[in-house]
Each structure stands twice: as structure tokens, then as C-alpha cells.
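>>> here is the input, now give the coordinates:
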Amino acid sequence: MTELFIPSPSQGVWEVLGFPVRAYAICIIIGIVLAWVMGSRRWAGRGGRAETLETAVLVAVPLGIVGARIYHVITDAQLYFGPGRDPVRALYIWEGGLGIYGAVAAGALGIWLVARRRGASFMAIADALAPGLVLAQAVGRIGNYFNQELFGRPTTLPWGLEIDAVNRPDGYEQFATFHPTFLYELLWNVGVCLLLIWAGRRFSLGRGKTFALYVVLYALGRFWIEALRIDPANVFGGVRLNNWTTLAILLAGLVWFVWLLRFRPGLETSVEPGAPAPEEEGDERVAARALEPQAAAGSPSTPATDGAEDGSGAADEADPQSPPREADHDGATGRD
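Model (predicted):
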């Protein structure tokens with residue numbers, strides 16, 4: 001019986017008009033665009049201004065890439081410093097090596113600066129970007145596949161990943177197929193993206209709760225996936241450094257999420273100055289009923305109230321002299 005496995009790409013770099021085009025870079029760019037598009041639609045659904053989100057992304061992306069590289073170089077310093085190593089290669093970002101925790105931290109700093117300058121809600125922007133961010137991470141893992149990196153322990157499972165001998169770590173030269181941890185994380189991240197969208201709509205997760213849930217779910221998946229990896233890494237107490245970091249982030253994210261649920265329920269009443277207050281799907285139906293024929297026939301109608309169900313405590317004043325307000329069908333949910 002022929003052994004089943006996932007073959008690795010024969011190459012991850014192509015020459016186009018004399019310039020190298022790297023699959024890793026293409027995956028990162030595609031991921032950034034997806035996160036931008038999804039985040040923009042979700043931000044617009046909350047009533048935010050497009051230019052605020054665009055500025056935040058344009059600032060966060062370069063800072064995130066720098067932060068991701070710095071985190072990687074710090075946590076895997078043995079790859080770039082010491083006997084026989086070339087420190088200049090720490091700048092070769094196209095060869096792979098980006099730490100998501102550094103990317104999120106530095107990118108969040110950029111978004112916070114933009115939000116503060118424009119008077120927008122930093123947490124609302126983070127909530128809008130969270131599903132697209134984890135989807136971008138899923139796409140980025142395809143770049144690891146092309147680079148034949150970040151795979152797991154040897155396995156003979158049918159979905160084992162074939163790795164060329166030149167890319168196998170020391171001590172594993174005799175094995176041909178390994179756990180495709182890039183694929184495990186890709187699938188996990190896609191699932192997290194879908195869950196964030198659903199939970200955000202179902203439970204009105206505003207005021208940072210969608211982003212906090214992203215932190216918890218991503219760290220939960222990363223913890224067990226990281227434990228499968230065999231690429232060189234610093235180890236403390238028999239546990240990889242990235243797993244210690246992931247565990248700390250998981251616990252901190254869980255505490256933060258529970259705190260937000262307890263003390264910051266519902267959605268923001270406004271995500272930036274002058275922006276309309278968000279509406280939930282239930283409020284949309286109330287407003288839609290106000291536009292039905294019986295309202296035109298003279299039956300009394302009352303405008304829908306914002307925040308009545310989301311716990312924000314904000315409500316519109318009912319003015320019997322004013323016409324019913326049209327429903328914003330994007331509402332607070334954002335259509336992704």
C-alpha cells in the first residue's frame with residue numbers, strides 16, 4: 001500500500017522580471033488585505049468612520065511587522081547570534097521568522113495612538129479587527145508551508161507533511177514525514193475567526209470583549225500546537241519559551257475577558273465622536289416594524305432605543321412628533 005502524506009512545495013521563491021517573489025511575503029500581504037477588508041466592514045457596521053480604520057491599519061501594519069521580527073529575534077536569538085552565526089540575517093525577514101505576539105503588541109500600540117489622536121474607541125477598533133487578524137494569521141501559515149518550517153514531531157499519519165532532508169532538524173534526519181503544525185494552526189485560526197463573528201453577533205461582544213476572546217482562543221490553540229513543534233527554540237524547565245509565553249497570555253486573556261463581561265457589558269454607545277450609536281439586530285427589527293403600513297395609517301410608533309438590550313444604559317429620547325427612524329441594517333453586527 002502506498003504511504004499517504006502531504007508533499008511540500010518544490011520551491012517557495014520565483015523569479016519575476018529578475019526579482020524574487022516569495023510565497024511567504026505573498027501570504028503575509030494577502031492576510032493583511034483580508035484583515036483590512038473585514039475590519040473595515042465591521043468598523044463601518046459599528047458606525048465608525050472609514051478614514052479612522054484606514055489610518056489605524058496603515059500605522060499598525062509596519063509597526064506590527066517590526067514588532068513581530070523583534071519578538072522572533074529575541075526569543076530565537078541562538079539563530080542569529082553566537083559562534084558561526086551571522087547577526088545581519090536577523091534583518092532577512094523574507095526568510096521567515098515573525099512572532100505573532102510581537103506583531104499584536106506593536107500593532108496595538110499603533111492603533112492606540114491613532115485612536116487617541118482621533119478620539120475613537122481603541123477597544124472598538126480592536127474588536128472590529130480581531131476576526132480579520134486571526135484569519136490573516138491562518139493565511140500566513142501557508143507561507144510556513146512553502147518555507148518548509150515550523151512543522152511538528154515525526155508522524156506516519158496520512159496527513160503527515162513530507163520535509164526535504166535539507167530542512168530536517170538535527171536528530172531527525174532519518175524521518176521523512178512530520179506533523180503539519182502549519183495546517184493545524186491554519187484550521188484552528190479559521191475556526192476562531194468564525195466563532196468570533198458568531199459570538200460577537202449573538203452576545204453583543206463590544207468594549208474589547210471580542211478582542212479578549214480572540215486572545216484566549218488563539219492562545220489555547222497555540223499552546224497545544226506549539227508543544228508539537230521540534231524547530232530550535234529556547235527551553236526552560238523542559239518547556240519551550242513560546243509555550244510559557246502562550247500560557248501567560250492565555251491566563252491573562254481569560255482574566256481580562258471575564259472582567260470585561262462583568263464590568264463592561266454590552267456595546268459602546270458610540271465608537272468615535274460624531275459617529276452614530278450602534279444598534280443590535282433586535283433593535284433593527286423594532287425600527288423596521290415602525291416603517292410597516294400600519295404606521296403610515298396612523299397607528300402610533302416609537303423610535304427604537306439604543307442600548308436597551310446591550311446593557312450600555314444609553315437610550316434615545318422618544319419624540320412623538322418626530323418620524324420613525326430607518327433601521328441601519330448593518331447595525332452593530334458588521335457583515336463579514
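>>> poorly predicted segments of the stretch 51-200 of the chain, please.
Scanning the stretch 51-200 of the chain for pLDDT under 70 picks out the ranges 96.
>>> chain center to stretch 204-219: distance?
Using Cα atoms, centre = their mean, to the nearest Å, the distance from the centre of stretch 204-219 to the centre of the chain it belongs to is 10 Å.
>>> correct me if wrong: Asn189 contacts Gly221.
Yes: distance between Asn189 and Gly221: 7.3 Å, which falls inside the contact criterion (Cβ atoms under 8 Å). To be clear about C-beta, it is placed using only N, CA and C from the backbone, and glycine gets the same treatment.
>>> more crowded one of those two?
Asn189 (24 against 19; other Cβ atoms under 10 Å).
>>> so what's the more buried one up against?
By Cβ atoms under 8 Å, 6 or more residues apart in numbering, the contact set of Asn189 is Val134, Leu135, Gln137, Ala138, Arg141, Tyr218, Gly221.
>>> wasn't it part of a helix?
Yes: assigned with DSSP: H, G, I helix; E, B strand; the rest coil, Asn189 falls within a helix.
>>> what about the strands in this protein?
13-16, 19-22, 161-162, 177-178, 235-236, 239-240 (DSSP state E).
>>> need the helices for the stretch 101-250 of the chain, in chain order.
Using DSSP state H, counting those that start in this stretch, the helices of the stretch 101-250 of the chain run over 122-147, 181-203, 209-226, 241-263.
>>> quick check: angle from the second one to helix 122-147?
Between helix 181-203 and helix 122-147, the angle comes out at 160 degrees (axes from the mean of the first three to the mean of the last three Cα atoms, to 10 degrees).
>>> kindly report the same for the last one.
Between the axes of helix 241-263 and helix 122-147, defined by the same axes, to 10 degrees, the angle is 150 degrees.
>>> and if you look at the shortest one?
When the same axes, to 10 degrees is applied, the directions of helix 209-226 and helix 122-147 differ by 30 degrees.
>>> pull the contacting residues for the nearest residue to Phe257 once chain neighbours are set aside.
Leaving aside its chain neighbours, Phe257 sits nearest to Ala212 (4.0 Å; criterion: Cβ to Cβ, 6 or more residues apart in numbering). By Cβ under 8 Å, 6+ apart, the residues touching Ala212 are Gly253, Trp256, Phe257, Leu260.
>>> which of those residues lies closest to Leu79?
Using Cβ to Cβ, Gly253 is the member of the contacts of Ala212 that lies nearest Leu79, at 28.0 Å.
>>> that closest one: neighbouring residues, count only.
The burial count assigned to Gly253 is 20, neighbours taken as other Cβ under 10 Å.
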